[in-house]
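In: starting from these lines, generate the structure:
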Amino acid sequence: MLNNSHPTDLEIAECYKKDKKQGFRLLYRKYSERILSVCKRYSADKGEAMDYFQEVMLKVNDKIGAFQPIREGSLLHWMSRVAVNMITDELRRGKKLQQFVEIDSEVENISDPEYDDIVSIPVEEIYKMIRKLSPTKRTVFNLFTVEGYSYKEIGDLLGISEDGASSTMSKARKELGRMVKTYLKDNSK
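Out: Below you'll find the model as predicted:
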């Protein structure tokens, strides 16, 4: 029996087989905000995030027939993977990912801001800082920090070396550290 208010992944997959339009409605209602959130993490602005989101949802709609639900939550995981893969492919094709550089011998030394200082920063400000990173740094940062990819997996996904992914992550952290320090300095009492 289909539970329209809170359908399971299996119910959504079954509904897709019978009525693709209704299946898409259920999937959209259940997971659209979460997938849009994934798209926002890789975007510089809202418009770009919405473009990614629309492309992801079209791709999901086209490929949902191949999805086999294993357990509750597996549909979200599958859709997130579709989103990440589509966005990184798009960035690579659009040449938005800059050439990756191997580890620099001159890495600047910036001390990390204190944890207590960071948690005092509103979440939306943190998101703004991440969006200010170059597409390369933002992508590597999100893949490593949010998606949980290893440097090797990031390298394979983006067509770069493991050291290149690690170096880019280090640069992203340092740049975010500078932004945090600037924010804290500008917003101290």
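In: helices of the chain, start to end?
Out: Using DSSP state H, the helices of the chain run over 9-18, 20-41, 46-63, 74-93, 115-119, 123-132, 135-141, 151-158, 162-186.
In: distance from the second one to the middle of the chain?
Out: Read it as helix 20-41. The chain centroid and the centroid of helix 20-41 are separated by 15 Å under Cα atoms, centre = their mean, to the nearest Å.
In: what does the third one give?
Out: Between the centre of helix 46-63 and the centre of its host chain there is 13 Å, according to Cα atoms, centre = their mean.
In: related to what we said a few turns ago, deepest in the core, which of the helices of the chain is it.
Out: Greatest average neighbour count among the helices of the chain goes to helix 135-141 (a mean of 23), per mean count of other Cβ atoms under 10 Å. For the C-beta atoms, the positions are set from N, CA and C on the backbone; glycine is no exception.
In: which strands and helices lie in contact with it?
Out: If you count contacts as 3 or more Cβ pairs under 8 Å, 6 or more residues apart in numbering; DSSP states H and E, helix 135-141 packs onto helix 74-93, helix 123-132, helix 151-158, helix 162-186.
In: and if we set it to 6 Å?
Out: For helix 135-141, the elements it packs on are helix 162-186, judged by 3 or more Cβ pairs under 6 Å, 6 or more residues apart in numbering; DSSP states H and E.
In: helices or strands next to the helix it packs on in the packing?
Out: helix 135-141, helix 151-158.
In: related to what we said a few turns ago, quickly, which of the helices of the chain bottoms out on average pLDDT?
Out: Mean pLDDT across the helices of the chain is lowest at helix 115-119; the value there is a mean of 63.
In: related to what we said a few turns ago, residue 49: which of the helices and strands packed on helix 162-186 is closest?
Out: Shortest distance between residue 49 and the helices and strands packed on helix 162-186, using Cβ to Cβ, is found for helix 135-141: 11.9 Å.
In: just give me how far the closest one sits from the chain centre.
Out: 10 Å.
In: do stretch 15-26 as well
Out: For stretch 15-26, the distance to the chain centre is 26 Å (Cα atoms, centre = their mean).
In: what does it contact?
Out: Residues outside stretch 15-26 that contact it (Cβ atoms under 6 Å, 6 or more residues apart in numbering): 7, 12, 61, 64.
In: now do 8 Å
Out: For stretch 15-26, contacts defined as Cβ atoms under 8 Å, 6 or more residues apart in numbering pick out 2, 4, 7, 11, 12, 13, 27, 61, 64, 65.
In: stretch 78-96 now?
Out: With Cβ under 8 Å, 6+ apart as the test, stretch 78-96 has contacts from 31, 34-35, 38-39, 42, 52, 55-56, 59-60, 63, 67, 97, 135-136, 139, 143, 147, 157-159.
In: domain-wise, how is this protein divided?
Out: Residue ranges for the domains of the chain, per automatic domain parsing: 9-93, 115-186.
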